[in-house]
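Chemist: need a 3D model of the sequence below.
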Amino acid sequence: MLSFITFGNPVTSLTKHDLDPLLERLGQANLKFQASYPGLQMERQPVHTLYGGANLYTPGAAQKMAGLALHHIQTYAPTFVDLANALQFPGAGELPADKYKKQLFAQDLAQATENSPEIIAYQVYERTLQKLRCEAIEDHRVDFEDGYGVRSDEEEDGHALSASDAMAEGALQDTLPPFVGLRIKALTEEAKIRSLRTLDTFVSNLASKTNGQMPFPFRVTLPKVTTAEQVEVLADCLTIIEERCGLPPLSIDIELMIETVQAVLTETGQCAMPALVEAGKGRVTAAILGTFDYTATCNIAAMHQDHLHPSADFVRQLMQMSLTGMNVSLSDGITNIMPIPPHRGKDLTQEELEENINVVHAAWRVHFRNIIHSLQLGFYQSWDLNPAQLPIRFAAVYYFFLEGLAESTERLRTFIEQAAQASLVGNTFDDAASAQGLLNFFISGINCGALTEDEALATGITLDELQGRSFLKIVANRSRK
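Modeler: From the prediction side, this is the model:
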């Protein structure tokens, strides 16, 4: 057998004269790609956006809604066993039914460390309660669109002032949720004047009442986008408002609602979303699927419009394909079935009380199903309509992370131990890309309160490495040791 092993300088055909222009072309293309797709961002992303009509927005709104959310779960799931049964967690039917036994069982689980369906159910409940008590509202949007309706100019002007006054009070007292903003009306021909007038009134009044110390981040949600010009005009208006109000440039972000077919594909069949983001001139930070509006523009009958409709999954996948890697977070749409009991009052019959529980729990299961579906597709944020939906928002997110914790811990631990090497745990083969996905799992779980830092550190990762948020950096640092 012939062997062509050579030593010394290799034989080559390409000269420096040949390579220089080729490398220059590659450099320009690579830099352009890196500028357009800087990669997944590890900054905190809220797991939900709660929005409500501007006419209802008053000082302390977040605290009031948090109280409603906490009362809701305490009423319809007073123990972790009740929540596990309502959401049909695995093994829920084997949990104790007697109230006293539930309490004893919870005390035992509080001391347990091994992973089991019972412990997961207990942890989901306890962490949900803790979240509702300390930060029930992560993101709040004052709504001047569907959740507000069409009103007279005088009335909407008044609500733009009163709502921005309330937000200014919250900003000055540091009682606002971590993320806030407003949703304006669409920039259609019929609504464009009213939409921009509300935007100007709200932001200008807010800036004046806070002496230019706007909440950060502050986001303006643009619904029913159909053209890049709508996004561009909104960006230009925000630039003017910032200049006139003495705000730093680009201090106001834009969120795009993807809820028309024109926001998905252009008339020539191209994906429209990257151009919409570019039209925002650096302001677009999120794209949100408006499930029901989108399916309506697809001419789908109302009785078949649903979170799980195949057309909605099609758009979710296009959103991921076209926007993942940009500085744009993805958010899913609403669940429109509200967990609101049909009977109100103090003197309800046993039959009415049971019907209330059945109605609420049925709505919970739909919401839970939808959230898990979004999470499985890589959408870690969605919109909510009512404070009563928040307990299940967090319960579903926490269940998703806690249910996958044991497997993810073992897989990431193996990676951390072997650093730069590929590894095999069970029958799942991992590489560096998988390791970054596992690292992202823990980062996202910690950000939303589902996981603790100690649970991440159990993988063998250090706190500095966790905060560095890059598996490639972990590999590089450990390989130098």
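Chemist: and stretch 165-179, which residues are buried?
Modeler: Within stretch 165-179, the residues scored as buried using 16 or more other C-beta atoms under 10 Å are Asp165, Ala166, Met167, Ala168, Glu169, Gly170, Ala171, Leu176, Pro177, Phe179. No exception for glycine: its C-beta is placed from N, CA and C like everyone else's.
Chemist: hang on, I meant stretch 62-69
Modeler: Residues Ala62, Met65, Ala66, Ala69 are the ones in stretch 62-69 that count as buried (16+ other C-beta under 10 Å).
Chemist: the third one touches Ile137, doesn't it?
Modeler: In this case it means Ala66. Yes. Counting by C-beta atoms under 8 Å, Ala66 does reach Ile137; the two are 6.1 Å apart.
Chemist: what about the nearest residue to Asp82 once chain neighbours are set aside, neighbour count?
Modeler: Nearest non-adjacent residue to Asp82, counting by C-beta to C-beta, 6 or more residues apart in numbering: Tyr76, 7.5 Å away. Counted with other C-beta atoms under 10 Å, the neighbours of Tyr76 add up to 20.
Chemist: contacts only, for Tyr76.
Modeler: Neighbour list for Tyr76: Asp82, Ala86, Pro339, Asn356, Ile357, Val360, His361, Trp364 [criterion: C-beta atoms under 8 Å, 6 or more residues apart in numbering].
Chemist: one more time with 7 Å
Modeler: Shown in contact with Tyr76 (C-beta atoms under 7 Å, 6 or more residues apart in numbering): Ile357, Val360, His361.
Chemist: nearest spatial neighbour of the last one, chain-adjacent residues omitted?
Modeler: Just to be clear, that refers to His361. Ala86 (4.2 Å).
Chemist: among the contacts of Tyr76, name the ones in strands.
Modeler: Among the contacts of Tyr76, no member falls in strands (DSSP state E).
Chemist: could those be laid out in JSON lines, adding distance to Met257 and pLDDT?
Modeler: Shown next, in JSON lines, are the contacts of Tyr76 (distance: C-beta to C-beta, whole Å; pLDDT from 0 to 100):
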{"residue": "Ile357", "distance to Met257": "34", "pLDDT": "97"}
{"residue": "Val360", "distance to Met257": "29", "pLDDT": "98"}
{"residue": "His361", "distance to Met257": "30", "pLDDT": "98"}
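Chemist: just the strands in the stretch 51-200 of the chain please.
Modeler: 139-143, 179-183 (DSSP state E, counting those that start in this stretch).
Chemist: for the stretch 351-481 of the chain, same thing?
Modeler: Listed in chain order, the strands of the stretch 351-481 of the chain (DSSP E, counting those that start in this stretch) span 382-384, 423-425, 428-430.
Chemist: still on that earlier bit, compare the contacts of Tyr76 and tell me which is most surrounded.
Modeler: Highest neighbour count within these: Val360, with 23 neighbours (other C-beta under 10 Å).
Chemist: thought Pro339 was touching that residue, still the case?
Modeler: Yes. Between Val360 and Pro339 there is a contact under C-beta atoms under 7 Å: 4.5 Å.
Chemist: now do the shared contacts for the two.
Modeler: Contacts common to Val360 and Pro339, judged by C-beta under 7 Å, 6+ apart, are absent.
Chemist: ok, back up a step: give me the neighbour count for the residue nearest to His361.
Modeler: 23.
Chemist: now do the contacts for it.
Modeler: Contacts of Ala86 by C-beta under 7 Å, 6+ apart are Ala77, His361, Trp364.
Chemist: and His373, by the same measure?
Modeler: His307, Leu308 are the contacts of His373 under C-beta under 7 Å, 6+ apart.
Chemist: look up how far Phe471 lies from it.
Modeler: 27 Å (C-beta to C-beta, to the nearest Å).
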